[in-house]
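> below are the sequence and a predicted model; questions follow.
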Amino acid sequence: MTRLTVLSGPSGVGKGTVVRKVRELYPHVWVSVSCTTRMPRPGEREGREYRFVTREKFHEMAQAGELLEFAEFAGNLYGTPRAPVEARLAAGEPTLLEIDLQGARQVRAAMPDAQLVFLAPPSWDELERRLSGRGTEPTAAVEARLAQARVELAAADEFDAVVVNDDVDSAAAALVALIDEVCE
Ligand code: 5GP
């Protein structure tokens, strides 16, 4: 069966932007649509970026074993519907998940042959700059996020490959090369 590829990495590193580029330029790659309990952001459409569900529905799906993995992130639940991923892999299609680190570890346990790709920032300074935002937030909140990012960066060792996000087009191309490599 075709191997699944999972893109993960520290928050703030730009996973969403790289995956948007993959959708735009490499339509042969199927990108899983997660379920989430968070509210849609402006411009997001039901079924495209996410399936937006209630917490009750999310728990039902988790209990029925319909999620390949799930995690709580910043107070909201996120999970990958299992059936569409399995169907695409069985059909031999290049398949990509974009999920947080907790989810990536669950996929590693459930599907040991999945390819885990870590998206890394060009440098620590760059990540710090992105996470610090516009300087309008209380220092404690920024400090907490930076501490979390330090822990998340250390997770790179658990991954099969690292792609550095210094330029979104090159990062997307490098990611797709890795995906295609395991789908030949
Ligand atoms: P956002 O709310 O900004 O779209 O996503 C927040 C975080 O949730 C990101 O790190 C994203 O990678 C992660 N995420 C999105 N979908 C899933 C999922 O299905 N499972 C897990 N574990 N994380 C997800």
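Sure, I can see it.
> what's around the nearest residue to Gln115 once chain neighbours are set aside, how many residues?
In this structure, Gln115 finds its nearest non-sequential neighbour in Thr5, 4.6 Å apart by Cβ to Cβ, 6 or more residues apart in numbering. Placement of C-beta: from N, CA and C, glycine included. Using other Cβ atoms under 10 Å, the number of residues around Thr5 comes to 25.
> okay, and the beta partners of Thr5?
Leu96, Gln115 (DSSP bridges).
> please tell me how far it sits from the ligand.
14 Å (Cβ to the nearest ligand atom, to the nearest Å).
> again with Gly14
10 Å.
> list the residues that contact that residue.
Contact analysis of Gly14 by Cβ atoms under 8 Å, 6 or more residues apart in numbering lists 119, 121, 130, 165, 168, 171.
> try Pro122
With Cβ under 8 Å, 6+ apart, Pro122 has these contacts: 164-166.
> on that earlier part again, lowest-confidence entry in the contacts of Gly14?
Among the contacts of Gly14, Arg130 has the lowest pLDDT, at 84.
> for that residue, the count of nearby residues, please.
Arg130, neighbours per other Cβ under 10 Å, totals 16.
> rewinding a little: which single one of the contacts of Gly14 is nearest to Leu89?
Leu119 (21.7 Å; Cβ to Cβ).
> could you measure from the closest one over to the ligand?
10 Å.
> closest residue of this structure to the ligand?
Gly103 (2.4 Å; Cβ to the nearest ligand atom).
> just checking, that residue touches Leu67?
No: with contact defined as Cβ atoms under 8 Å, Gly103 does not count as touching Leu67 (9.7 Å).
> identify the contacts common to those two.
Joint contacts of Gly103 and Leu67 (Cβ under 8 Å, 6+ apart) are 79-80.
> low-confidence regions, this structure specifically.
1, 134-135 (pLDDT under 70).
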